[in-house]
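K.L.:
Return atomic coordinates for the entry below.
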Amino acid sequence: MKFWTIQSQEVLDIIEKEEVYHPQFSKSQYYKKYSELYDFMLRSFNNINKFDCKGLIFAFCISIKDVICPIRNVEDFRYFININKDEVICLWDEFLKNNGMILELEIELGNEFNDLALSFNDFQYIMPSPVNEILFDPYTYKINCDKIRSNIEKGIIMSSGDSYDLIQSHLPYIKKSDIKNVYKIFELD
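P.N.:
Numbering: from 1, shown residues only. Alright, predicted model coming up:
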């Protein structure tokens with residue numbers, strides 16, 4: 001399946017030198033701020049897939065009416081990122097500031113592999129944030145977070161059910177042979 005991810009030049013250098021990159025959350029710039037969520041995602045991923053990863057690659061694909069699909073090319077990737085720009089703007093600004101590179105990946109991990117695909121909106125929803133606590137009724141917010149977390153733990157693929165949904169997938173590594181193209185990061189339209 002085809003996935004899209006944003007990675008630093010440092011990660012690309014590791015892939016070039018070692019032929020593979022195994023992420024470690026402890027080295028992530030976001031880990032300190034979101035360690036509880038990252039640890040939860042990693043535990044769920046490892047339990048479901050019987051892996052022992054130290055971190056995950058966060059990647060994108062889409063769902064079309066609840067069916068997970070690859071994003072065909074960089075133009076389509078740009079389109080889907082831009083139609084979700086309100087949701088991705090803070091993250092995208094970080095990618096731009098850090099000169100992230102867009103990697104087009106083609107990865108086959110087998111039929112038993114579960115990438116814990118979920119709506120990007122759902123991932124943001126369960127992300128600890130004072131904004132979420134202000135925007136949503138606390139009782140309803142907790143119930144919804146518990147439901148999303150329960151589905152993640154069970155490996156249930158989740159999308160919003162909309163016609164198109166930006167999906168966050170999770171991968172254990174990037175091999176050099178998985179990289180089909182590398183693109184410069186683009187500004188949001």
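K.L.:
Could you list the buried residues of the longest helix belonging to the chain?
P.N.:
When the chain is parsed with DSSP state H, its longest helix is helix 31-49. Across helix 31-49, burial judged by 16 or more other C-beta atoms under 10 Å covers Tyr34, Leu37, Tyr38, Met41, Leu42, Ser44, Phe45, Ile48, Asn49. Where C-beta positions appear, they are placed from N, C-alpha and C, glycine not excepted.
K.L.:
Who are the contact partners of the residue lying closest to Glu108 once chain neighbours are set aside?
P.N.:
Excluding the flanking residues, the one nearest Glu108 by C-beta to C-beta, 6 or more residues apart in numbering is Met1, at 7.2 Å. For Met1, the contact set (C-beta atoms under 8 Å, 6 or more residues apart in numbering) comprises Cys61, Pro70, Glu106, Ile107, Glu108.
K.L.:
Ok, Pro70 next?
P.N.:
Met1, Lys2, Phe3, Cys61, Ile62.
K.L.:
same deal with Ser26?
P.N.:
Ser26 neighbours (C-beta under 8 Å, 6+ apart): Lys54, Gly55.
K.L.:
and with 10 Å instead?
P.N.:
Lys32, Ser35, Tyr38, Lys54, Gly55 (C-beta atoms under 10 Å, 6 or more residues apart in numbering).
K.L.:
And Tyr31, by the same measure?
P.N.:
With C-beta under 10 Å, 6+ apart, Tyr31 has these contacts: Gln24, Phe25, Leu37, Tyr38, Asp39, Gly55.
K.L.:
Okay, it and Glu133: tell me how far apart.
P.N.:
21 Å (C-beta to C-beta, to the nearest Å).
K.L.:
swap in Glu87?
P.N.:
Taken as C-beta to C-beta, the span from Glu87 to Glu133 is 18 Å.
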